[in-house]
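Q: Fold the following, please.
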Amino acid sequence: MTLSRRNIPRAADARKPVSGSFDWWLAIIVLLLLCLGLLMVFSASGAVAERMYSDKYHFFKRQCLFVFMGCVSAFIVAFLPRNFLYKLQYPILFAVFILLVLAISPLGLKIKGASRWISLGVFSLQPLEFAKIALALYLAYFMSAKQELVKTFSKGVLPPFLVTITLCALLLLQPDFGGAVLLAAILLLMCWVGGTRFVYLFIAIGLGLASVVALILHSPYRLRRLTAFLDPFKDAQDTGYQLVQSLYALGSGGLFGSGLGGGVQKMLYLPEAHTDFIMSVIGEELGFLGISVTLMLFSLLFVRCAKIIMSQTDLRDKLSAFGITAVLALGALFNLAVVLGMAPPKGVAMPFLSYGGSSMLASMICVGLLLNFSRTARDL
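A: Okay, the predicted model is just below:
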């Protein structure tokens with residue numbers, strides 16, 4: 001199935017009434033996830049905040065600031081005129097390119113051997129989070145504007161692949177292997193719904209897998225992480241430590257969990273408990289019930305996103321809404337896969353829940369864009 005021009009309603013369908021109002025159900029679900037995220041960051045970050053800053057509320061207070069900034073950003077984006085938004089696809093893409101270059105320059109902030117951030121004083125900006133949005137919007141523009149050429153190689157396949165490969169190359173220089181995989185996944189999904197020939201997609205997937213194997217074999221560090229993912233308990237005190245602690249947290253939660261604040265793994269046992277592994281803390285403290293409610297909220301969120309996508313009458317609107325939804329869905333899927341031991345650790349935050357300014361701002365910009373698109377949805 002593709003979202004090509006033949007799938008866009010015309011004639012009588014296009015004259016169906018447009019609501020002009022926001023999808024308030026989407027907004028309510030996001031607010032519930034934000035409240036859950038603040039609660040869990042408060043619970044998960046106390047021990048590490050006390051140790052690092054002598055203030056157990058340090059990360060919680062900053063996360064409250066990030067949520068406020070994110071909500072303001074979503075509100076602004078939701079009201080921006082669509083034509084103005086669409087004129088920004090190239091400036092935003094260029095800005096992201098510059099930010100990725102700055103991240104690997106001497107101006108970048110190096111943490112744990114990776115140059116993925118740019119210090120802005122209040123918080124550190126991670127360009128990857130905004131590169132995902134920029135790429136999705138660019139691909140939506142390209143696939144809609146070049147619909148007649150999208151099945152050709154030189155004009156319909158090569159340009160978007162070259163743009164994505166350039167962004168991925170900059171991420172690999174940081175190095176950020178997981179981020180490059182995320183951008184590649186966004187490209188393949190957008191090409192799939194945009195009408196790219198399957199033969200080109202199969203070739204791209206094959207070349208991509210070959211590149212992944214080559215990068216893993218070329219880097220002893222990546223190879224160790226892969227072997228640790230395959231059998232984390234074999235080296236539970238070193239390369240498999242993070243995943244093992246995550247599994248301990250999930251396994252000890254049981255049906256109802258140990259209670260909010262009663263988790264043990266966050267007490268400096270589980271690294272990145274308030275960021276990448278926030279779902280492990282939810283599993284330990286709120287149990288299977290808490291994890292189920294969280295996943296139900298995400299499922300309802302993506303159901304609303306699907307309704308917004310399918311209710312658009314314009315091809316570019318439809319593809320843009322799909323791309324933005326893919327950004328959120330892939331982030332949640334990759335994070336959950338890592339937490340459950342189904343994928344090697346990638347440093348991917350859980351949207352709306354994990355601590356972090358860049359992730360929160362990017363996720364809320366996505367929400368603002370989806371709310372913007374919901375205003376032009378038919379009979380939402």
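Q: drop to CA atoms for contacts and neighbour counts, all remaining ones
A: OK.
Q: Who are the contact partners of residue 233?
A: 240-241, 244 (Cα atoms under 8 Å, 6 or more residues apart in numbering).
Q: again, only using 7 Å
A: 240, 244 (Cα atoms under 7 Å, 6 or more residues apart in numbering).
Q: Next one, pLDDT for it please.
A: Note for residue 233: predicted pLDDT of 73.
Q: Which strands and helices lie in contact with the longest helix anywhere in the chain?
A: Taking DSSP state H as the criterion, the chain has its longest helix at helix 278-310. Helix 278-310 sits against helix 24-53, helix 241-253, helix 315-339, with contacts defined as 3 or more Cα pairs under 7 Å, 6 or more residues apart in numbering; DSSP states H and E.
Q: For stretch 180-191, which outside residues touch it?
A: By Cα under 7 Å, 6+ apart, stretch 180-191 touches 132, 136, 139, 164, 168, 171-172, 201, 323, 326.
Q: Next: stretch 340-353.
A: 33-34, 36-37, 178, 225-226, 229, 243, 247, 275-276, 328, 331-332, 334-335, 337-338, 359-360, 363.
Q: Flag the shaky bits of the stretch 201-350 of the chain, pLDDT-wise.
A: The stretch 201-350 of the chain contains residues with pLDDT under 70 at 219-231, 235, 238.
Q: most centrally placed residue in the protein?
A: Residue closest to the mean C-alpha point of the chain, counted by Cα atoms, centre = their mean, is residue 331 at 3.1 Å.
Q: OK, contacts around that residue?
A: Per Cα under 7 Å, 6+ apart, neighbours of residue 331: 348-351.
Q: Looking at these, which two lie furthest apart in space?
A: Pairwise distances across the contacts of residue 331 peak at 9.1 Å for 348 and 351 (criterion: Cα to Cα).
Q: Have a look at the two and say which one is more surrounded.
A: residue 351 (28 against 23; other Cα atoms under 10 Å).
Q: my read is the more buried one is in a strand, agree?
A: No - using DSSP: H, G, I helix; E, B strand; the rest coil, the secondary structure at residue 351 is coil, not a strand.
Q: Could you pull up phi and psi at it?
A: Reported as degrees, to the nearest 10, the phi and psi values for residue 351 are phi -50, psi 140.
Q: Can you list the strands that the longest strand along the chain pairs with?
A: Across the chain, the longest stretch assigned as strand under DSSP state E is strand 114-119. Pairing partners of strand 114-119, with direction, according to DSSP bridges: strand 109-111 (antiparallel), strand 124-125 (antiparallel).
Q: Could you pull out the buried residues of it?
A: 115-118 (16 or more other Cα atoms under 10 Å).
Q: what does stretch 304-313 give?
A: 304-305, 307-313.
Q: need those residues in CSV with distance to residue 374, can you?
A: Formatted as CSV, those follow (distance: Cα to Cα, whole Å):
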residue, distance to residue 374
304, 9
305, 9
307, 9
308, 6
309, 8
310, 10
311, 8
312, 8
313, 11
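Q: tell me the SS of residue 22?
A: coil.
Q: tell me the contacts of it?
A: Residue 22 neighbours (Cα under 7 Å, 6+ apart): 371, 374-375.
Q: please redo it, this time with the cut-off set to 8 Å
A: 371-372, 374-375.
Q: just the helices in the stretch 151-300 of the chain please.
A: Remark: helices assigned in the stretch 151-300 of the chain by DSSP state H, counting those that start in this stretch are 153-156, 158-172, 177-194, 198-218, 220-230, 241-253, 278-310.
Q: give me the number of residues near residue 162?
A: 11.
Q: That should have said residue 76, apologies.
A: 14.
Q: what about it, which helix or strand?
A: Following DSSP states H and E, one finds residue 76 within helix 58-79.
Q: and the next element down the chain from that helix?
A: Downstream of helix 58-79 (by DSSP H and E), the next one is helix 82-86.
Q: Can you give the contact residues for whatever helix or strand comes next after that next one?
A: Proceeding N to C from helix 82-86, the next assigned helix or strand is helix 89-103, under DSSP H and E. Here helix 89-103 makes contact (Cα under 8 Å, 6+ apart) with 108-109, 115-118, 127-128, 130-131, 134-135, 137-138, 141, 167, 170-171, 174.
Q: can you do 6 Å?
A: Outside of helix 89-103, the residues within contact range by Cα atoms under 6 Å, 6 or more residues apart in numbering are 108, 115-118, 127, 131, 134, 138.
Q: Just the buried ones from the contacts of stretch 180-191, in PyMOL syntax?
A: Listed next is the PyMOL selection for buried residues among the contacts of stretch 180-191, using 16+ other Cα under 10 Å:
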select buried, resi 132+136+139+164+168+171+172+201+323+326
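Q: Between the contacts of stretch 180-191, which has the least confident prediction?
A: The member of the contacts of stretch 180-191 with the lowest pLDDT is residue 201, at 85.
Q: ok, so what distance separates that residue from residue 208?
A: Distance from residue 201 to residue 208, counting by Cα to Cα, to the nearest Å: 10 Å.
Q: about what we covered before: which of the helices of the stretch 151-300 of the chain sits closest to residue 70?
A: helix 278-310 (17.3 Å).
Q: List the buried residues for the closest one?
A: 278-291, 294, 297-298, 301-302, 304-305, 307-310.
Q: Tell me how far it lies from the chain's centre.
A: 14 Å (Cα atoms, centre = their mean, to the nearest Å).
Q: what's the angle from that helix to helix 24-53?
A: 150 degrees (axes from the mean of the first three to the mean of the last three Cα atoms, to 10 degrees).
Q: still on that earlier bit, for residue 88, state which of the contacts of residue 331 is nearest.
A: Among the contacts of residue 331, and counting by Cα to Cα, the member closest to residue 88 is residue 351, at 23.9 Å.
Q: which residues does the residue nearest to residue 44 when sequence neighbours are not counted contact?
A: Counting by Cα to Cα, 6 or more residues apart in numbering, residue 44 lies nearest to residue 274, which is 5.1 Å off, once chain neighbours are set aside. If a contact means Cα under 6 Å, 6+ apart, then residue 274 has 41, 44-45, 355 as its contacts.
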